[in-house]
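Asker: Fold the following.
(one chain, ligands or ions: 1)
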Amino acid sequence: MRLEGKRALVTGSSQGIGAAIAKLFAKEGAHVVLNHRPSNPHSDAVVKSIERAGGTATLVHSDVSDPSSVSKMFTAIRRDLGGLDVLVNAAGLSDSRIWNAPLSKITPDMWRKVFAVDAFGTFLCTQGAARLMKRGSIVNVASTPAIAGDSEGLLYASAKGAVLSMTRMLAKVLAPRIRVNCMAFGSIETTWVDWLDKKQLDAYRAAIPLRRFGKPEEAASLALFLASEESSFITGQVVVLDGGEVSR
Ligand SMILES: NC(=O)c1ccc[n+]([C@@H]2O[C@H](COP(=O)([O-])OP(=O)(O)OC[C@H]3O[C@@H](n4cnc5c(N)ncnc54)[C@H](OP(=O)(O)O)[C@@H]3O)[C@@H](O)[C@H]2O)c1
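Answerer: I've put the predicted structure just below:
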């Protein structure tokens with residue numbers, strides 16, 4: 001097992017990509033700390049699914065954009081697990097309004113909310129994790145428009161651009177103790193597909209050389225590689241997982 005005995009926090013793991021990462025990490029021997037916002041009515045379905053499969057997991061509610069909530073989460077992790085080996089910053093905020101907002105419609109409040117979760121949340125959790133890790137791996141989450149540009153998703157991709165910069169900076173700041181890498185996803189099939197009609201989905205697929213969306217499990221496989229010792233000489237990198245949509 002590739003994460004045997006490791007303690008891994010996966011933020012934003014109530015559904016989608018974060019949940020797939022949490023399940024795979026648990027299958028590979030990690031004790032997984034799941035996280036999502038306290039205000040949301042998600043049950044502990046992912047914890048139960050991990051336990052049914054023979055793994056171990058705990059759920060710590062925390063809003064990653066709130067410093068005091070994040071501080072309480074890391075206090076709980078220190079108390080219950082004594083430290084941390086892996087952090088995946090998967091929590092992200094997007095919806096069709098945020099994704100589709102053109103330059104003229106982005107309000108200060110929208111800008112602050114998205115940056116608060118994606119950029120500030122990644123920063124806060126990294127700060128908390130770095131205090132708890134002796135040695136470890138941090139895996140961030142960005143998206144391909146932050147690398148290649150796009151006519152849609154201006155606000156969302158701008159926040160992910162901050163995550164890319166933090167990855168490169170923190171890899172140097174935290175070396176040699178902690179490796180920091182980033183996954184840049186193209187279209188991975190999660191809740192956002194419900195925002196679009198069939199014609200729009202077909203157009204999105206047609207732009208992808210592999211002619212399909214990625215699966216959360218494929219994103220989880222990349223997270224596992226970056227979290228585990230298999231990537232022990234890789235830090236400060238952005239790895240694209242997008243079916244060939246973006247060339248660099
Ligand atoms: N799906 C894609 O095609 C794609 C492409 C590029 C990048 N990404 C990135 O990959 C990550 C996962 O994407 P996804 O599609 O699986 O997203 P998703 O289905 O919308 O899930 C987002 C997760 O983040 C949590 N979350 C949101 N705000 C939070 C906060 N303030 N504190 C703690 N948790 C919070 C949500 O839980 P609650 O709502 O319960 O708090 C949920 O578990 C995100 O960072 C996203 O931006 C996704």
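Asker: Using CSV, list the CA coordinates for stretch 166-176.
Answerer: The C-alpha coordinates for stretch 166-176 follow below in CSV (Å, rounded to 0.1, in the frame of the first residue of the first chain):
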residue,chain,number,x,y,z
MET,A,166,1.9,29.5,-4.3
THR,A,167,2.9,26.0,-5.4
ARG,A,168,6.1,27.2,-7.0
MET,A,169,6.9,29.5,-4.1
LEU,A,170,6.1,27.1,-1.3
ALA,A,171,8.0,24.3,-3.0
LYS,A,172,11.2,26.4,-2.4
VAL,A,173,10.1,27.8,1.0
LEU,A,174,9.3,24.4,2.5
ALA,A,175,12.1,22.3,0.9
PRO,A,176,13.6,19.9,1.7
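Asker: residues near Gly149, how many?
Answerer: 11 (other Cβ atoms under 10 Å). (Each C-beta comes from the backbone N, C-alpha and C, glycine too.)
Asker: cool, Asp44 as well?
Answerer: Asp44: 14 neighbours (other Cβ under 10 Å).
Asker: how close does it get to Lys105?
Answerer: Distance, Asp44 to Lys105, by Cβ to Cβ, to the nearest Å: 37 Å.
Asker: What ranges does this structure have for its helices?
Answerer: 16-27, 45-52, 67-81, 96-100, 108-114, 121-132, 145-148, 154-174, 198-206, 216-227 (DSSP state H).
Asker: could you check the distance from the closest residue to Gly214 other than its chain neighbours over to Thr56?
Answerer: Leaving aside its sequence neighbours, Gly214 sits nearest to Ile188 (Cβ to Cβ, 6 or more residues apart in numbering; 4.3 Å). Going from Ile188 to Thr56 by Cβ to Cβ gives 26 Å.
Asker: Who has more neighbours out of those two?
Answerer: Neighbour count, other Cβ under 10 Å: between Ile188 and Thr56, Ile188 has more, with 22 against 12.
Asker: And the helices of the chain: which comes nearest the ligand?
Answerer: With Cβ to the nearest ligand atom as the measure, helix 16-27 is the member of those nearest the ligand (2.2 Å).
Asker: Any residues of this protein in contact with the ligand? List them.
Answerer: Applying Cβ under 6 Å from any ligand atom, we find that the chain lies next to the ligand at 11-18, 35-37, 40, 42, 63-65, 90-94, 117, 121, 141, 143, 185, 187-188, 190-192.
Asker: Quick check: which helices or strands does the lowest-mean-pLDDT helix or strand in the chain pack against?
Answerer: The helix or strand of the chain with the lowest confidence, counting by mean pLDDT, DSSP states H and E, is helix 96-100 at a mean of 94. The contact analysis (3 or more Cβ pairs under 8 Å, 6 or more residues apart in numbering; DSSP states H and E) places helix 96-100 against helix 108-114, helix 154-174.
Asker: Let me have the ones you listed in CSV, extended by mean neighbour count and mean pLDDT.
Answerer: Shown next, in CSV, are these (neighbours: other Cβ atoms under 10 Å; pLDDT from 0 to 100):
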stretch, mean neighbour count, mean pLDDT
helix 108-114, 14, 98
helix 154-174, 19, 98
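Asker: follow-up on the earlier one: just the helices of the chain: most buried one?
Answerer: helix 16-27 (a mean of 25; mean count of other Cβ atoms under 10 Å).
Asker: The ligand versus Glu28, what's the distance?
Answerer: 19 Å (Cβ to the nearest ligand atom, to the nearest Å).
Asker: Quick check: that residue vs Ser43, distance?
Answerer: 24 Å.
Asker: Return the backbone torsion pair for the residue sitting nearest the centre point of the chain.
Answerer: Centroid check for the chain by Cα atoms, centre = their mean gives Ala90 as the closest residue, at 1.7 Å. Backbone geometry at Ala90, expressed as degrees, to the nearest 10, gives phi -100, psi -10.
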